[in-house]
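Colleague: test case, fold it:
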Amino acid sequence: MPALPITFACGLYDRMLALQTGEVKPDGIDLNFLVMDNPREIFDRMSNRLEFDACEMSSSEYVSRFAAKKLPFVALPVFPSRVFRHGFIVVNRRFVRSAKDLEGKRVGVPLYTQTAALFIRGLVQHDLGIDLAKIEWVQGAVNEPGSYGNPSVMPMRKPVAIKPNDSGKSLSDLLESGDIQAIIGSNLPRALKRNPDVVRLFPDYRAREKDYYQRTQIFPIMHLVVIRNDVYENNPFVATSLYGAFVKAKDVAREKMRFSGTLRYMLPWLPDDVEEIDELFGGDCWPYGVEPNRMTLEALVGYMVDQGLIAEKIPVEKLFVPTYG
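Modeller: Numbers count the residues shown, from 1 in each chain. Now for the predicted structure:
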């Protein structure tokens, strides 16, 4: 039987590289790996037009669609992108000196429903005691005027003070001028490098992120992998085949990263970083599957309820289709 052609769109992360090169091949699948470095483009093309057989997808957008029962794809517990987010709270220090100062302020965000922003709001609410209802959100692209992509998102489940950035300026420019007082999200404003008043709220973010993980076991999951419904329903073996291949590809990347004869990446202290990661995470710092990620997935769903993206909690194991072997 000929292999099933599957088009998969994803960033070329180290944990995906062996799939792109063909070093790892999914059983029964002829994988066409489309390298796309702009996640927002992938999400919009899949959500709006279902252009791919499978792809990486925003975790929060997937859960929102699942809750609304408007789901044109199913998900695998494979997480191409994870990022701690303490270092992505940038403020104008003329107005914000501490986390508590965020209350009563205007805060820029690329997209209120964005997973990165969701986890940051969960962090400041649950870990730092910030009342999110006292913040006005200004939504738009961080480093250019206008909106952030062309997202198709589900309606909010409760009122939130969100205004579009229609100023003709970027959020970064508004932060410099003081028209907004902070920015949260998935990338950093250019003003951080050019204006001494624009700073990270937590300069010691790495230490804070390590402490946060040790206390909570939350390593924020940005993206998961989805398979278009018709592809999965007609070929259910695809879920198990792809999941197994994603695991193998990640294992290949981990092994190559740990080879000390040469440095795999342009990180001069990579061996020391690997030792630190092993000590903190006790093994695989990037696990796939539901159980190793239960704390993070439950936090994701809980934050979405708190912040009005979904009406009620969803058992996290229901979010993913089964895989075998």
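Colleague: buried residues, the longest helix seen in the chain. List them.
Modeller: Criterion DSSP state H: the longest helix present in the chain is helix 237-257. The neighbour-count check on helix 237-257 (16 or more other Cβ atoms under 10 Å) flags 238-250, 252-253, 257 as buried. Every C-beta, even on glycine, is put in place using the N, C-alpha and C of the backbone.
Colleague: list just the nearest of the residues you listed to Ala9.
Modeller: For those, the minimum distance to Ala9 (Cβ to Cβ) is 13.1 Å, reached by Leu242.
Colleague: mind telling me what element the closest residue to the closest one other than its chain neighbours is part of?
Modeller: Closest residue to Leu242 apart from its sequence neighbours, by Cβ to Cβ, 6 or more residues apart in numbering: Pro26 at 5.4 Å. Pro26 belongs to no helix or strand when assigned by DSSP states H and E.
Colleague: how about Pro26, phi and psi?
Modeller: With angles defined as degrees, to the nearest 10, Pro26 sits at phi -70, psi 140.
Colleague: the one 5 residues further on now?
Modeller: With angles defined as degrees, to the nearest 10, Leu31 shows backbone torsions of phi -90, psi 120.
Colleague: just give me the neighbour total for it.
Modeller: By the criterion of other Cβ atoms under 10 Å, Leu31 has 22 neighbours.
Colleague: picking that back up, please name every helix or strand in contact with the longest helix of the chain.
Modeller: If you count contacts as 3 or more Cβ pairs under 8 Å, 6 or more residues apart in numbering; DSSP states H and E, helix 237-257 packs onto strand 4-10, helix 17-21, strand 29-35, strand 73-82, strand 221-228, helix 229-234.
Colleague: at 7 Å what do you get?
Modeller: Contact partners of helix 237-257 among helices and strands, from 3 or more Cβ pairs under 7 Å, 6 or more residues apart in numbering; DSSP states H and E: helix 17-21, strand 73-82, strand 221-228, helix 229-234.
Colleague: between strand 29-35 and that helix, find me the angle.
Modeller: Angular relation of helix 237-257 and strand 29-35 on a 0 to 180 degree scale: 60 degrees, by axes from the mean of the first three to the mean of the last three Cα atoms, to 10 degrees.
Colleague: list of residues touching helix 237-257?
Modeller: Applying Cβ atoms under 7 Å, 6 or more residues apart in numbering, the contact partners of helix 237-257 are 4, 6, 14-19, 23-29, 54, 76, 78, 225, 227, 231-232, 264, 274, 286, 288, 321, 323-325.
Colleague: out of those residues, which end up buried?
Modeller: 4, 6, 14-19, 24-26, 29, 54, 76, 78, 225, 227, 231-232, 274, 286, 288, 321, 323.
Colleague: and the residue nearest in space to the middle of the chain, what is it in contact with?
Modeller: Closest residue to the average C-alpha location of the chain: Met222 at 1.6 Å, with Cα atoms, centre = their mean. Residues near Met222 by Cβ under 7 Å, 6+ apart: 59, 81-83, 115-116.
Colleague: leaving out the residues flanking it, which one is nearest to it?
Modeller: Once flanking residues are discounted, Met222 sits nearest to Ser81: 4.0 Å by Cβ to Cβ, 6+ apart.
Colleague: what's the neighbour count on the one you found?
Modeller: 20.
Colleague: list the contacts of it.
Modeller: 56, 222-223 are the contacts of Ser81 under Cβ under 7 Å, 6+ apart.
Colleague: all helices for the chain, in order.
Modeller: 17-21, 39-49, 59-68, 115-122, 171-177, 191-194, 205-216, 229-234, 237-257, 270-281, 294-306.
Colleague: right, so those: which one is the most enclosed?
Modeller: Of all the helices of the chain, helix 115-122 carries the top mean neighbour count, a mean of 24, counting by mean count of other Cβ atoms under 10 Å.
Colleague: now that one and helix 294-306, what's the angle there?
Modeller: Between the axes of helix 115-122 and helix 294-306, defined by the same axes, to 10 degrees, the angle is 80 degrees.
Colleague: which helices and strands does helix 115-122 pack with?
Modeller: Using 3+ Cβ pairs under 7 Å, 6+ apart, helix 115-122 sits against helix 59-68, helix 294-306.
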